[in-house]
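>>> With the sequence up front, the predicted model follows.
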Amino acid sequence: MMQLFELCGRDEGARFSPYVWRIRMALKHKGLDFEGVPVRFLDKKPLEGAQSKTVPVLNDNGTWVKDSFEIALYLEHTYPEKPLFGGKIAEGQARLLSSFIDRTVVLGIFPMIVADIHDRLDDKNAAYFRETREKFLGRSLEETQASREGMLPAFQKALSPIRHVLGAQPFMSGDEPAWADYALFGNFMWARIASDFELLEKDDPIWDWRERMLDLFDGYARAAKLAY
């Protein structure tokens, strides 16, 4: 069985990496069974098979693949049934979308839940997380997150292109979900599992889309364990 190495906090059952959740949903989409293997920020040894220092890492019976987008491509080419992309042109376009999501959605959410993430970690990993993330942010985790109410309107406005798409079709990929949906949804699962801070308004089309995503695969994501 495939192994998917996943980030966890103090509670091994709560897996909150946005990039891992992209692959979790992609594997469910493909109908592929896998074992989730919990690792923490400082647990680098389990990832050595892929020469990686970060999750997700996939071990497909001895074939190691790192990076969420590269894993998605591997799954697409190795298990072509139930496509995630739908062709080479779509794969190229998906790189652009993934880049937009990483730079707009991930970086938009991060400062609003950063102290909450810290609070989900054991002492050793929490100290590492604080040191590295405060160096990146230039201020404390608590100071950063304290202004999240003020950050929220700009974040929601930045999602306008996504909102426009979902006004015309039920999923980012069209009538049915595929990689574009999983790439975006992983970030909302990250926030859902690590923090109780709500990022969306109930009248937002993205809220309705998120609800549809939570219900996929017999409510697989909705049943995921929360870290709080």
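Thanks, I have the structure now. This structure is a prediction, so every number in the text was calculated from the model and none was measured.
>>> Next secondary structure element downstream of the helix or strand hosting residue 152?
Residue 152 is part of helix 148-158, with elements assigned from DSSP states H and E. Going down the chain from helix 148-158, the next helix or strand is helix 160-166, by DSSP H and E.
>>> Can I get that next one as CSV, trimmed to CA atoms?
Listed next in CSV are the C-alpha coordinates belonging to helix 160-166 (Å, rounded to 0.1, in the frame of the first residue of the first chain):
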residue,chain,number,x,y,z
SER,A,160,-12.4,37.4,-6.2
PRO,A,161,-11.2,35.4,-9.2
ILE,A,162,-12.1,32.2,-7.5
ARG,A,163,-15.5,33.6,-6.5
HIS,A,164,-16.1,34.6,-10.1
VAL,A,165,-15.4,31.1,-11.4
LEU,A,166,-17.7,29.5,-8.8
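>>> Now it: average pLDDT?
The average pLDDT within helix 160-166 is 97.
>>> average pLDDT across the helix or strand just after it?
Once helix 160-166 ends, the next helix or strand along the chain (criterion: DSSP H and E) is helix 179-194. Averaged across helix 179-194, the pLDDT comes to 98.
>>> The helix or strand just after helix 179-194 packs against which elements?
Moving toward the C-terminus from helix 179-194, the next helix or strand (DSSP H and E) is helix 205-219. Using 3 or more Cβ pairs under 8 Å, 6 or more residues apart in numbering; DSSP states H and E as the contact test, the elements touching helix 205-219 are helix 18-30, helix 160-166, helix 179-194. C-beta here means a position set from N, CA and C on the backbone, and glycine is covered the same way.
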